[in-house]
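In: have a look at this fold, sequence not included:
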């Protein structure tokens, strides 16, 4: 699967984010009439191109990443330093409690048995990427697992979940993953 990514500065404005995604689509396709629209659940899709193009978007701190592919795709990302080094302004999160609430028992065990913040983020981005791929949303989190409690799975329900290499200044502080079928 060939994935083309675009990196933008994140914005609080939904309209500005949409304009950036739309601009990326037009740059990617060269088709001015191509449009990014959204399902009732907020999943973006592309209309107005001769071939199928799939899109997924994630925001992580100051960064927004837009990914296009010829096959269905879901992406997610997080700035890992926020999970590793909470500053004085940030209350330390109880990642085990969050894992117990939102994740499967295997996933919660994986969080408990290591660097809690880092492992929580590893699971979160994989689950988010997968539900963006399926279009189900967070309500489906409890219906699948991305780990057996010891290691992270390379596939969930036959769908690959892999690291997405996105390069920009400071990108080493981030973890991005994608869910999608391989060609």
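Out: Okay, I see it. Predicted model, so just to flag it, every value in this text is computed and none were measured.
In: just checking, residue 6 touches residue 58?
Out: No - counting by Cβ atoms under 8 Å, residue 6 does not reach residue 58; the two are 11.6 Å apart. For the C-beta atoms, the positions are set from N, CA and C on the backbone; glycine is no exception.
In: mutual contacts of the two, please.
Out: Common contacts of residue 6 and residue 58 (Cβ atoms under 8 Å, 6 or more residues apart in numbering): residue 65.
In: and these two? Which one has more around it.
Out: Neighbours were counted for residue 6 and for residue 58 using other Cβ atoms under 10 Å; residue 58 has more, 25 against 18.
In: surely that one and residue 176 touch.
Out: Yes - if you go by Cβ under 8 Å, residue 58 and residue 176 touch, sitting 7.1 Å apart.
In: and for these two, which residues touch both?
Out: Between them, residue 58 and residue 176 share the contacting residues 65, 75, 76, 77, judged by Cβ under 8 Å, 6+ apart.
In: for residue 45, state which of those residues is nearest.
Out: Residue 45 lies nearest to residue 75 out of the shared contacts of residue 58 and residue 176, by Cβ to Cβ, at 14.4 Å.
In: ok, residue 11 touching residue 17?
Out: Yes - the pair residue 11 / residue 17 is scored as a contact, 5.4 Å apart, by Cβ under 8 Å.
In: return every residue with contacts to both of these two.
Out: Shared contacts of residue 11 and residue 17, defined by Cβ under 8 Å, 6+ apart, comprise residue 64.
In: list the contacts of the residue most central in space within the chain.
Out: The geometric centre of the chain, computed from its C-alpha atoms, lies nearest to residue 76 (Cα atoms, centre = their mean), at 1.0 Å. Neighbour list for residue 76: 58, 124, 125, 126, 128, 129, 132, 176, 177 [criterion: Cβ under 8 Å, 6+ apart].
In: again, 7 Å this time
Out: Neighbouring residues of residue 76 by Cβ atoms under 7 Å, 6 or more residues apart in numbering: 58, 125, 128, 129, 132, 177.
In: out of these, which are inside helices?
Out: Among those, the residues falling in helices (DSSP state H) are 125, 128, 129, 132.
In: quickly find the element holding the closest residue to the first one other than its chain neighbours.
Out: The reference is to residue 125. Leaving aside its sequence neighbours, residue 125 sits nearest to residue 76 (Cβ to Cβ, 6 or more residues apart in numbering; 4.4 Å). Element membership of residue 76 [criterion: DSSP states H and E] is strand 73-79.
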